[in-house]
Structure formats: structure tokens, C-alpha cells
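Student: I need the structure of the sequence given here:
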Amino acid sequence: MRTNFRILETRALGIAAGLLLAAAGSAGTTAGNDFASTHAGRATVYEQIPEASLEELSSPDHILGIAAGNAAPTEIWRTLEHGEKVECLDCIGPVAKLLYDANPKTREISAWWLRRRIFGVFGDGQVYSQVQDALRNGSTEEHRAYAAEALGEFLVGSGVAPVALAAVSDPSPMVRRSAVRALERLNHEGPGAELATAMGDQVEAVRLAALEAAVHINVFSRLDAVVARLSDDSPDVRRRAAEVLGTMHATDAVVGLMALTAPEQEPDPRVRTAAVGALGRIADPSAHDAVAAAEADPDPLVRSIAHFSLRRL
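Tutor: Down below sits the predicted model:
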């Protein structure tokens, strides 16, 4: 048996060696072949695929055409995506105008395309500087809001200070909300914790945007600003604040969240649901009695969430 095994092993090694030599010879032959043969092989592989479905790089002329004309949004997106590595200085100005397009996806992908340019965007007086100036001095709130969004999409640290300032000082709620979202995109709470300040904005939409941003940035230092929103006049803000505190596992917020679990103190069942769920995520044993009491809540969803949260306490 052992002898037969050695014979088989020897044959296998011989076959393997032969295959390696054949592969080496093939590689040497391929290296010497004309490069076009490789493409001919690829063409054979893809010959059954409709030509229209294959990706083609955008030409500079095509980029200029969609930026200057009345192209459909999907055509703009496709052209810029396929022109990611196309260097075209003449295209930068027309594409920069798309930063202020009415379509949010067009604005986003235009900033995405521009931030990949080697030249023509980040120098003094060029596109990036122009966008910063538009945020400070734009004549309409739409223009300033879109400029704030663009600074966020450019993903450059120098954009933090101007969007943070706009988030707390621009007279337009639209601009303040866009600036808060730009801080989120830049992964920053602002040099003076402007994101926390925005949580106390007089406009609900800005407060909600600030709460949302706090969840997504890597470092948020002002947990107290989120806790303060548990007593907000808006039930939507109270609910979102509770959810955020649960996501952050904020043990300092347990007392405030417990106050939102009782129907006599919090009339909105959505807020009570969020508070009970947050206490379950934080898993502080001191919340046991409040969560247990919520199992008798008049709202079925609150009772259901309380049942699951209680298992974690």
C-alpha cells in the first residue's frame, strides 16, 4: 500500500511540474504577443453583452456638453461618474456651476467630481475659494445653502470653520440646516462645538439635523446638549434625542429618559417608545422599575419595546 502511494505521489508531482512548465511557457509566449490579442480575447468574452450596457469613459467634450446644456440629471450623473479620472481644465468652470443646481444629487456628484481634480479647484480664487465666498456673501438663501453643502462634499478640513459659523449665525434656517449637514459630512462638531449650539436652534428642522449629525460624527463632546432636548417643545425632537442617547449609551441621560416613560409625563407614545428603547440599549439597572412599569402602558408598541428592553436590565 505504501509503495503504491509513493508511485501515485511521484506521478502527481510529475504532472504538477509539467503543468507549471506549461504555464511558464504560456506566460512567456503571452508576454511576447501583441497587446491587441489580449483585448481580442476580452472582446470575445463580452461579445454577448449589449454594447450600450458597457461602461465607456466620458470625453472632455461630453462633460462640457452635459454641464453647459440641458442634459437630464441621470445623464449628468453618468457622465461625471465615468469621467472621474478625466483631466479637463476647461470643464471645471461649467461643472462648478452645477454645484448650485436644483437637483441635490447633481450638486453632490458635481462636488465629488471637482474634489478629484489635480488642478483648477483648490488654488486661491478658484472653485473652492469661490464656494467659501458664496457661503459668506451669497445673495439668496439657496445659493448659500448649496455652497455649504458643497463645502461638506469637498471633504477638506478648511471648510469646517465657515460652515460651523453659518450653522449658528446665518439668518436663514435653510442655510443653517445645510451647514449642520456639512459639519456631519466633514465629521466635525465645529471648532466651538457649534453642532451643540445648533441643537438649541429656534427652528425644529435645524435641531433635528443637529441631533442626526451628532450620531454620525466620530467625536461629539457635548452630550449635555442632547440631554437638554429631552424637554424640547417638539415631540419629534424629544423622540430623536432619546434615540440618539440610546445609540450613544449615555448613562448620564438615564434619569431624563425615565421621566419620558410615563404617560402622565410624556403624552406622545412615540417619545415613550424611544425612551424605553433607549433605556434598554443603555442597560442601566437603575431604570428597571421604570421600564417594568412601561409594560402596562396603554400603547401596544410601548409595551412591546418595554418587554424586550426589560431583558437587558
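Student: Could you double-check that residue 161 sits in contact with residue 191?
Tutor: Yes - contact criterion Cβ atoms under 8 Å: residue 161 and residue 191 qualify, at 6.1 Å. Heads up, the C-betas are built off the backbone N, CA and C, glycines and all.
Student: And those two? Which one has more around it.
Tutor: Remark: of residue 161 and residue 191, residue 161 carries more neighbours, 16 against 10, as counted by other Cβ atoms under 10 Å.
Student: show me what contacts that one?
Tutor: Residue 161 makes contact with residue 191, according to Cβ atoms under 8 Å, 6 or more residues apart in numbering.
Student: Please determine how far it is located from residue 131.
Tutor: Taking Cβ to Cβ, to the nearest Å as the measure, residue 161 falls 14 Å from residue 131.
Student: any idea how far the most centrally placed residue in the chain lies from residue 179?
Tutor: Note on the chain: the residue nearest the mean C-alpha position is residue 185, at 6.7 Å, using Cα atoms, centre = their mean. Distance of residue 185 to residue 179, computed by Cβ to Cβ: 10 Å.
Student: right, and the secondary structure at residue 130 would be what?
Tutor: Using DSSP: H, G, I helix; E, B strand; the rest coil, the structure places residue 130 in helix.
Student: Now that it has come up, it's in contact with residue 99, right?
Tutor: No - the pair residue 130 / residue 99 is not scored as a contact, 9.2 Å apart, by Cβ under 8 Å.
Student: moving C-terminal of the helix or strand containing residue 180, what's the next helix or strand?
Tutor: Using DSSP states H and E, residue 180 maps to helix 173-185. Sequence order places helix 194-198 as the next helix or strand after helix 173-185, per DSSP H and E.
Student: what about residue 264, neighbour count?
Tutor: Close neighbours of residue 264, defined as other Cβ under 10 Å, add up to 5.
Student: Make 14 the starting number, not 1.
Tutor: Yep, numbering from 14; the last one is residue 277 now.
Student: Could you tell me how far it is located from residue 318?
Tutor: 18 Å.
Student: and what of residue 144?
Tutor: 44 Å.
Student: What of residue 326?
Tutor: Using Cβ to Cβ, we find residue 326 at a distance of 13 Å from residue 318.
Student: who touches both of the two?
Tutor: In terms of Cβ under 8 Å, 6+ apart, residue 326 and residue 318 are both contacted by the residues residue 293.
Student: These two: who's more crowded?
Tutor: Comparing residue 326 with residue 318 by other Cβ under 10 Å, the one with more neighbours is residue 318, at 24 against 17.
Student: re earlier: who has more neighbours out of residue 143 and residue 112?
Tutor: Taking neighbours as other Cβ under 10 Å, residue 143 and residue 112 compare with residue 112 leading, 24 against 15.
Student: and the closest residue to the more buried one other than its chain neighbours, how many neighbours does it have?
Tutor: Spatial nearest neighbour of residue 112, chain neighbours left out: residue 163 (4.7 Å); criterion: Cβ to Cβ, 6 or more residues apart in numbering. When neighbours are defined as other Cβ under 10 Å, residue 163 has 30 of them.
Student: low pLDDT regions in the chain?
Tutor: By pLDDT under 70, the weakly predicted segments of the chain are 14-68.
Student: Just read off the phi/psi values of residue 296.
Tutor: phi 60, psi 40 (degrees, to the nearest 10).
Student: Could I get the contacting residues of the residue nearest to it when sequence neighbours are not counted?
Tutor: Nearest non-adjacent residue to residue 296, counting by Cβ to Cβ, 6+ apart: residue 325, 4.6 Å away. With contact taken as Cβ under 8 Å, 6+ apart, residue 325 is in contact with 293, 294, 296.
Student: can you tell me how far residue 325 sits from residue 262?
Tutor: Counting by Cβ to Cβ - residue 325 and residue 262 are separated by 11 Å.
Student: what's the overlap in contacts for the two?
Tutor: Common contact partners of residue 325 and residue 262 (Cβ under 8 Å, 6+ apart): 294, 296.
Student: if I look at the nearest residue to residue 71 once chain neighbours are set aside, how far off is residue 118?
Tutor: Using Cβ to Cβ, 6+ apart and skipping the chain neighbours, the partner closest in space to residue 71 is residue 96 (3.4 Å). Residue 96 is 16 Å from residue 118, where distance means Cβ to Cβ.
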